[in-house]
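**Student:** coords below, sequence missing:
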DNA sequence: CTGAAAGCGCTTACAG
DNA sequence: CTGAAAGCGCTTACAG
């Protein structure tokens, strides 16, 4: 069957020859240009269909000077930043908008090199995309500036205070982290708090840590607050608990910078006989799937990854169309109160006790 | 900054004019064609770099009659078939191989229409990919034949007995399901077995059910065996248990066609006071993330999704290169024995008690 | 060995 | 209103 397709491809000329017009006329007819009479148009379309005509995207792209595609760039470290499920949601949101515009979606990842150089280069070193969504880039990622300087329209997901002119979509990680920490303090009377931070080379990690500190300071609990730096992996959550040794027994509240680490901490706590939420309240961040299925289920901050991607992609098309618009957009997050903080009884199998918008 | 990039793009002609040669010479120099002297080549490359030359993928594609991209086609129903994490693994495997070949990866999804027609059409109706990986297609998906007939090289992940000439990569779902069922029978003395099947419009669902039946028959347990049809969702796992009513108390072993349903069943069983694995042994299938984090953790069949995608993509490139090779390739799966069957103690926090290759 | 044309398949600006 | 050329940016086959 490959044979059939290996035959020379059907072009406008083939249709033109069959119908007895010029390729120009065929092009116009297929584009419903009123210059071509309804009659001829119909004949041409029928012939195109009969011959199995498929337009050449390469020829179109060359002629129109548009690739007809956008790229989703995911530098290496992405896996570590949010984990797999985050990326699925982003892909879903981006696809949705790209599909509406009938534009192809290129996914440029790089798993091998440290900074995902190739992920950028693949997009920059060929004009195969008319714009790009960049997600999960590190604060000091050296490729962001060249990417933007290349003139390719770019929308970034995340927070990049050092690139004030960049177009970005994100959430207020600091306020969210503060709200969650204050929930443990005010709703559960937790006073000796631990934060397991994310990687501090990503703004998200810095902001979530600072939000934790904001809450702790506002309630004058700095004296009993601790911060351990993690790397967003489940294992680093486990290690954070192990490294604290006996000090962990002084802690009654834990805010982790993501759900994976919260889960790692949960298993570590369980293995040394501490109960959640009886002995400690735990909160995570992300709600990309894990938090709902653990026992106890994890209280967390729901990050609207799919919506972030949708908004970013919609804005990207605006930029590609030359439209003005915002440079920074912030989406709301929700606190999802489940079992690990104590809001929801352990025998309650509903998804969550309640959801708080902040 | 967009302004910079909006300037006319740098082409071979710009470099040629600057250096004082023809675009042909520039093209050859950049391709390291020995026809161009080392000296000139160097000057040309330096100039190309200075001007920020980026080749036009569209022009190349048109000239070379190759798009320089492959597509990953995911029909709508994909989400239901394996869930998000499956797709992440496939994307990872496909990216890996495409990256090695320096080929772009197009992801063509369709979330809206019933059969994901657009996902196929986007790839077929433009020559934007030189080949395609198709995953999670239904047995009777009406687009598979047109896709293959279109002449585009295609490798499918899964099992398609009705398309004997198609190139496919998969696992032996039937044997795996049989092995898992027999594990419950022989290692845990379970004799009254329930299977919650997947959707039977996918071969996977049929094969896993048939494997269950094979085991049950081989051990003469047909009389006490039950099958409930699910749809791979967690909710359908819950519903399967609820619908059985009091009959569930007769059952001592459950094999679900995926982990989501196994987890749904687990929560439903818990809510009516049944304990796993004390009262029932449970097994799922997939091991894409969920099974490891639940309490109890789920015994499951590990489906090597990433490897399937790698093998499929490698084979796709062979076909695109005109090389002969296999039409059907089967990868091995493993039984991952965790807590839900009874192999691993509930207080053991290791990943799994043991892993069996089958 | 080297120079310059042809042509991939489109679409639109131009000439008649 | 309609016909046919020009040209997007490449690469390779061809002529000298």
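**Tutor:** Alright, I've got the coordinates. Because the structure is predicted, anything quoted here is derived from the model rather than measured.
**Student:** For the residue of the stretch 201-350 of chain A found nearest DNA strand D, give me its contacts.
**Tutor:** Of all residues in the stretch 201-350 of chain A, residue A:320 sits closest to DNA strand D, at 17.4 Å by Cβ to the nearest atom of the strand. Quick note: C-beta positions are derived from backbone N, CA and C, even for glycine. Residue A:320 makes contacts with A:70, A:130, A:131, A:153, as judged by Cβ atoms under 8 Å, 6 or more residues apart in numbering or on different chains.
**Student:** Got phi/psi on the third one?
**Tutor:** Torsion angles at residue A:131 (phi, psi; degrees, to the nearest 10) stand at phi -170, psi 170.
**Student:** per-residue confidence at the residue in the stretch 101-250 of chain A that chain B sits nearest to?
**Tutor:** Nearest residue of the stretch 101-250 of chain A to chain B, counting by Cβ to the nearest Cβ: residue A:151, 0.7 Å away. On the pLDDT scale, residue A:151 is placed at 87.
**Student:** quick revisit: can you tell me which of the contacts of residue A:320 are buried?
**Tutor:** Using 16 or more other Cβ atoms under 10 Å in any protein chain shown as the burial test, these include A:70, A:130, A:131, A:153 as buried.
**Student:** In the stretch 101-250 of chain A, what residue spans correspond to strands?
**Tutor:** A:104-109, A:132-135, A:154-157, A:168-171, A:193-197, A:226-229 (DSSP state E, counting those that start in this stretch).
**Student:** Mind putting those strands into TSV with mean neighbour count?
**Tutor:** Formatted as TSV, these follow (neighbours: other Cβ atoms under 10 Å in any protein chain shown):
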stretch	mean neighbour count
strand A:104-109	25
strand A:132-135	26
strand A:154-157	25
strand A:168-171	23
strand A:193-197	27
strand A:226-229	17
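**Student:** Out of the ones you listed, which gets nearest to residue A:326?
**Tutor:** strand A:168-171 (9.0 Å; Cβ to Cβ).
**Student:** and the residue most central in space within chain A, what helix or strand is that in?
**Tutor:** Residue closest to the average C-alpha location in chain A (Cα atoms, centre = their mean): residue A:90, at 3.9 Å. Using DSSP states H and E, residue A:90 sits within helix A:84-100.
**Student:** angle of that helix against helix B:84-100?
**Tutor:** Taking axes from the mean of the first three to the mean of the last three Cα atoms, to 10 degrees, one finds that helix A:84-100 is oriented at 80 degrees with respect to helix B:84-100.
**Student:** isn't the residue nearest to the centre of chain A right up against residue A:304?
**Tutor:** No: counting by Cβ atoms under 8 Å, residue A:90 sits too far from residue A:304 to count as a contact (10.7 Å).
**Student:** Which strand residues bridge residue A:195?
**Tutor:** residue A:227, residue A:255 (DSSP bridges).
**Student:** these two touch, right, it and residue A:226?
**Tutor:** Yes: using Cβ under 8 Å, residue A:195 is in contact with residue A:226, at 7.3 Å.
**Student:** For the residue nearest to residue A:197 when sequence neighbours are not counted, list the residues it contacts.
**Tutor:** With Cβ to Cβ, 6 or more residues apart in numbering or on different chains as the criterion, residue A:197 has its nearest non-adjacent residue at 4.5 Å, and that residue is residue A:209. The contact partners of residue A:209, taken as Cβ under 8 Å, 6+ apart, are A:177, A:195, A:197, A:198, A:200, A:227, A:257.
**Student:** again, 10 Å this time
**Tutor:** A:173, A:174, A:177, A:195, A:196, A:197, A:198, A:200, A:227, A:229, A:255, A:257 (Cβ atoms under 10 Å, 6 or more residues apart in numbering or on different chains).
**Student:** Just the pLDDT for the fourth one.
**Tutor:** This points to residue A:195. 98.
**Student:** Near DNA strand D, which residues of chain A are found?
**Tutor:** A:21, A:22, A:24, A:25, A:35, A:37, A:59, A:62, A:63, A:65 (Cβ under 7 Å from any atom of the strand).
**Student:** same thing but 10 Å
**Tutor:** Taking Cβ under 10 Å from any atom of the strand as the contact definition, chain A meets DNA strand D at A:12, A:16, A:21-25, A:27-28, A:33-37, A:40, A:58-65, A:126-127.
**Student:** from what I can see residue A:284 touches residue A:276, true?
**Tutor:** No: if you go by Cβ atoms under 10 Å, residue A:284 and residue A:276 don't touch, sitting 11.5 Å apart.
**Student:** Perfect, that will be all.
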